[in-house]
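Participant: coords please:
(one chain, ligands or ions: 1)
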Amino acid sequence: MDLELNTEEFIIEFRHVCKAFMNQRETIQVLSDIHAKVEAGSIVTIIGPSGSGKSTILSLCNLLISPNEGDILIHGKEVREWDIQELRRQVGIAFQSGPMINGTALENLTLPARLMGKTLEHPKKYMDYVGLPEELLSREARELSGGQRQRLSLARTLVNGPSILLLDEVTSALDSNSTFAVEELILQINRDQNTTILWVTHDLAQAERVGDQTWLIMDGRLIESAPTKLFFSEPREKLTRQFLDLKREKV
Ligand SMILES: Nc1ncnc2c1ncn2[C@@H]1O[C@H](COP(=O)(O)OP(=O)(O)OP(=O)(O)O)[C@@H](O)[C@H]1O
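Facilitator: Here you go, the predicted model:
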C-alpha cells in the first residue's frame with residue numbers, strides 16, 4: 001500500500017451542498033445545504049434515519065453523482081475538477097453488499113491495480129488484513145459467503161492506498177466477531193496511514209466506538225456535527241436527543 005500522509009488540516013469540505021433527484025413526475029430534494037469540514041486523518045461516523053441522505057453524501061465525494069448546488073472540495077480541489085480516475089484512487093468506497101465482478105477472488109482483489117495498469121504485489125497481505133484465508137483467492141467470488149465477500153470488497157478498496165475511505169454499512173452483513181475484527185482493521189488503517197474515513201452506519205454503538213466526529217443527517221440536513229464523545233453524551237440539538245432516545249428504546 002502507498003503510504004501517503006495527509007498534511008492539510010481539512011481534507012474534505014462541503015460548501016452549501018444540495019442534491020436533488022428528478023424523475024418524470026417530480027424533483028426529490030435529498031440533501032439541503034450540507035456545510036461541513038472533515039479533518040484529515042479523522043473518522044466521521046454518519047448516522048440518521050433510513051432514506052435521510054447518508055449514502056448520497058458518500059456518493060458525492062467520489063463523483064458517483066454530482067451536486068446540484070454547492071461545492072465539494074477534496075484535498076482543496078473541487079470534485080468536478082479532478083481527473084476521475086485519480087479521484088477514485090484517492091477516495092475509495094465500500095458498500096454493504098460488497099459487489100463483485102465475475103471471476104475469482106484474486107481477480108476481484110487485483111482489479112483496482114489492473115485498472116491503474118499496475119500489478120498487485122502481495123495479495124495475501126490484503127487477505128490477512130481482512131481476515132480471509134489465502135486459499136480463497138482461487139475461489140469464484142460469487143461462491144463466497146456474504147461476510148467473506150464484504151471483507152474482500154474492503155480489501156479491494158484498500159489496494160489503491162486511498163487517502164479517504166467511504167464506508168457504507170460495511171459491517172451490517174457480518175456477525176459480531178467479524179464486525180469487531182473489521183472495525184479493528186479499519187481503525188488500524190486509519191492509524192497506520194492516516195486515512196480519513198466517512199463511515200455511514202445504522203449501529204449507534206459502532207458510531208460511538210469508532211468515530212472522532214459524528215454527524216446526524218435527517219431529511220437531507222446536517223442536524224448536528226460534534227466530537228463523537230460529546231455527540232453521544234451531551235447532544236446540543238433537540239432532534240439529536242430525540243433520535244438517540246428513539247434508537248436506544250428500540251435496542
Ligand atoms: N439515484 C437516485 N434516484 C432517485 N432517488 C434517489 C437516488 N438515490 C437515492 N435516492 C433517494 O434519496 C433519498 C436518500 O437516499 P440515501 O440512500 O442517501 O439514504 P440513506 O440515509 O443512506 O438511507 P439508508 O439508511 O436506508 O441506506 C431516498 O429517498 C432515496 O430514495
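Participant: around the ligand, which positions in the stretch 51-200 of the chain sit nearby?
Facilitator: 51-56 (C-beta under 6 Å from any ligand atom). (Each C-beta comes from the backbone N, C-alpha and C, glycine too.)
Participant: CSV for the residues you listed, including neighbour count and pLDDT?
Facilitator: Below are those laid out as CSV (neighbours: other C-beta atoms under 10 Å; pLDDT from 0 to 100):
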residue, neighbour count, pLDDT
51, 11, 96
52, 21, 97
53, 23, 97
54, 24, 98
55, 20, 96
56, 20, 97
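Participant: in helices, which of those fall?
Facilitator: 54-56 (DSSP state H).
Participant: for the least confident helix or strand in the chain by mean pLDDT, name the packing helices and strands.
Facilitator: Every helix and strand of the chain was ranked by mean pLDDT, DSSP states H and E. The lowest is helix 146-158, at a mean of 84. Counting contacts by 3 or more C-beta pairs under 8 Å, 6 or more residues apart in numbering; DSSP states H and E, helix 146-158 is packed against strand 91-94, helix 105-115, helix 123-129, helix 176-193.
Participant: again, only this time at 6 Å
Facilitator: In this structure, helix 146-158 makes packing contacts with strand 91-94, helix 105-115, judged by 3 or more C-beta pairs under 6 Å, 6 or more residues apart in numbering; DSSP states H and E.
Participant: quick one: contacts of the helix or strand following that helix?
Facilitator: Remark: after helix 146-158, the chain's next helix or strand is strand 164-168, criterion DSSP states H and E. Residues from elsewhere that reach strand 164-168, judged by C-beta atoms under 6 Å, 6 or more residues apart in numbering: 55, 58, 61, 91-95, 195-200.
Participant: relative to helix 146-158, how tilted is strand 164-168?
Facilitator: Comparing the axes of strand 164-168 and helix 146-158 via axes from the mean of the first three to the mean of the last three C-alpha atoms, to 10 degrees yields an angle of 160 degrees.
Participant: paired strands for strand 164-168, with orientation please.
Facilitator: Sheet pairing of strand 164-168 (DSSP bridges) gives strand 91-94 (parallel), strand 196-200 (parallel).
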